[in-house]
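Enquirer: Could you look at this predicted model? Sequence included:
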Amino acid sequence: MNMLTDVAIEQKLNQMSNEPVVKMRGKQVTVHYGEKQALFGVDLDVREKQVTALIRDVLGDEPQRAFDAAVLNLALRDGRIDLTVDDYITTNVITARKEDQVVEALKLFVKANVVRLPVLDSSGVLVGVLTKGDITDGLLKALQTDYEAEELIRYRASHLFEDIVSDRSTLTLRYSVKKDDFSRGGAASNNIKKALLRLGATPQIARRCGIAVYEAEINLIIHTNHGGMLRVEIEKDRITVEAYDDGPGIPDITLAMQPGYSTASQAIREKGFGAGMGLVNIKSCVDEMNLTSSPERGTSLFMVMHLEKTRHTSI
């Protein structure tokens, strides 16, 4: 066999991914690291089997390439391209297990300040090498998959009324609200807002409806005997919301509609509620509003948002 030429060795070495560019001419080796370069004097008059062994070590079994490439860099640094992997190999290697969670591998990367992790199976056999880039690629693919799935769900939901043939199609949502349940205050309005966005409502419509429903929800928590119900009907051209309870009722609706008027207790005010702006905020967010109340039947709040109108009116 013919002795491998300098150019052939150079081509082989430069096939390694993520490694410096290596140029070999005569008895000099030039290693380029971006804009930097280093020169090493190396005796290239070595036996063919040594060069062949070097090439095989560097470009051989895929899991070993990262280690051998690093060893080659050290050999070039020391001007000893004739040395073997065994002269530089690290025996106390930080490794990951094939069954480990990705987050554990990330912790190892940070703790050990390494860029690659050998991966072992349950028998301690090397099965591959994990890099930070591998994790990044995997996360990006997972995010893309989740995004595409969400877009498909959103598309199907937004075309719900187009796909159903009927004289009038309505999607009804119901939520039970408990008295004094401040820990879940806002949960129903948040779920309604999410549903509207999935159904293709604009962010502005979803926000307006979310504010109106939130204020009604908090009123059920604060001002009722036993809580109440929220009922939302979503149609192609409108959103109808009804909040109702069984008492104690509102003695003076006109007074209750005044900004800042509140019957909330001091304990409720200390929680950050009861500012007397709930009904005012509702009226500003919806197109139609109707409020009825009596001690015997409780309170019923009826709200409508027209999806093709922007004018606000009050009934």
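Expert: The structure has been received and is ready for your questions.
Enquirer: low-scoring pLDDT stretches of the stretch 1-150 of the chain, where are they?
Expert: For the stretch 1-150 of the chain, the stretches flagged by pLDDT under 70 are 1-91.
Enquirer: can you pull out the strands in the stretch 201-315 of the chain?
Expert: 228-234, 238-245, 288-294, 298-306 (DSSP state E, counting those that start in this stretch).
Enquirer: Those into TSV, with extra columns for mean pLDDT, mean neighbour count and distance to Ala275?
Expert: The C-beta positions use only the backbone N, C-alpha and C, and glycine is treated the same way. Shown next, in TSV, are the strands of the stretch 201-315 of the chain (pLDDT from 0 to 100; neighbours: other C-beta atoms under 10 Å; distance: least, C-beta to C-beta, whole Å):
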stretch	mean pLDDT	mean neighbour count	distance to Ala275
strand 228-234	96	20	20
strand 238-245	96	21	18
strand 288-294	96	16	18
strand 298-306	96	20	18
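Enquirer: Now tabulate the ones you listed in a markdown table and tack on distance to Asp146.
Expert: Listed next are the strands of the stretch 201-315 of the chain as a markdown table, based on distance: least, C-beta to C-beta, whole Å:
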| stretch | distance to Asp146 |
| --- | --- |
| strand 228-234 | 25 |
| strand 238-245 | 28 |
| strand 288-294 | 38 |
| strand 298-306 | 31 |
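Enquirer: mind exporting stretch 93-105 as CSV, just the C-alpha atoms?
Expert: Provided in CSV are the C-alpha atoms of stretch 93-105 (Å, rounded to 0.1, in the frame of the first residue of the first chain):
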residue,chain,number,x,y,z
VAL,A,93,-15.4,9.8,32.7
ILE,A,94,-18.7,11.5,33.7
THR,A,95,-21.5,9.5,32.1
ALA,A,96,-25.2,9.4,31.7
ARG,A,97,-27.5,6.4,31.7
LYS,A,98,-29.8,5.6,28.8
GLU,A,99,-32.8,5.6,31.0
ASP,A,100,-32.1,8.9,32.7
GLN,A,101,-34.5,11.8,32.3
VAL,A,102,-33.3,14.6,30.1
VAL,A,103,-33.4,17.1,32.9
GLU,A,104,-30.8,14.9,34.8
ALA,A,105,-28.5,15.1,31.8
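Enquirer: Okay, buried residues for it please.
Expert: By neighbour count on 16 or more other C-beta atoms under 10 Å, the buried set for stretch 93-105 is 96, 100, 105.
Enquirer: How about stretch 198-208?
Expert: Buried residues in stretch 198-208 (16+ other C-beta under 10 Å): 198-201, 205-206, 208.
Enquirer: Now intersect those with the helices, please.
Expert: The helices, defined by DSSP state H, take in 198, 205-206, 208 from these.
Enquirer: quick one: the helices in the stretch 51-200 of the chain?
Expert: Remark: helices assigned in the stretch 51-200 of the chain by DSSP state H, counting those that start in this stretch are 65-78, 102-112, 132-158, 160-163, 187-198.
Enquirer: For the residue nearest to Gly186 when sequence neighbours are not counted, give its distance to Val241.
Expert: Leaving aside its sequence neighbours, Gly186 sits nearest to Tyr214 (C-beta to C-beta, 6 or more residues apart in numbering; 5.6 Å). Tyr214 sits 11 Å away from Val241, going by C-beta to C-beta, to the nearest Å.
Enquirer: Same check on Leu279?
Expert: Distance from Leu279 to Val241, by C-beta to C-beta: 14 Å.
Enquirer: Show the contacting residues for Ser176.
Expert: Ser176 sits next to 227, 229 when contact means C-beta atoms under 8 Å, 6 or more residues apart in numbering.
Enquirer: Go again with 6 Å.
Expert: By C-beta atoms under 6 Å, 6 or more residues apart in numbering, the contact list for Ser176 reads Met229.
Enquirer: Check Ile234 too.
Expert: Leu171.
Enquirer: so it bridges to which residues?
Expert: On the basis of DSSP bridges, Ile234 is bridged to Leu171, Ile239.
Enquirer: what's the spacing between it and Ala149?
Expert: As judged by C-beta to C-beta, Ile234 and Ala149 stand 23 Å apart.
Enquirer: before we move on, back to that, and the strands of the stretch 201-315 of the chain: which comes nearest Val114?
Expert: Among these, strand 228-234 comes nearest to Val114, with 53.2 Å by C-beta to C-beta.
Enquirer: What distance do you get for Ile94 to Phe109?
Expert: 10 Å.
Enquirer: just to revisit the earlier point, just the ones in helices among the buried residues of stretch 198-208 now: which is nearest Cys285?
Expert: Nearest to Cys285 among those: Arg208, at 4.4 Å, using C-beta to C-beta.
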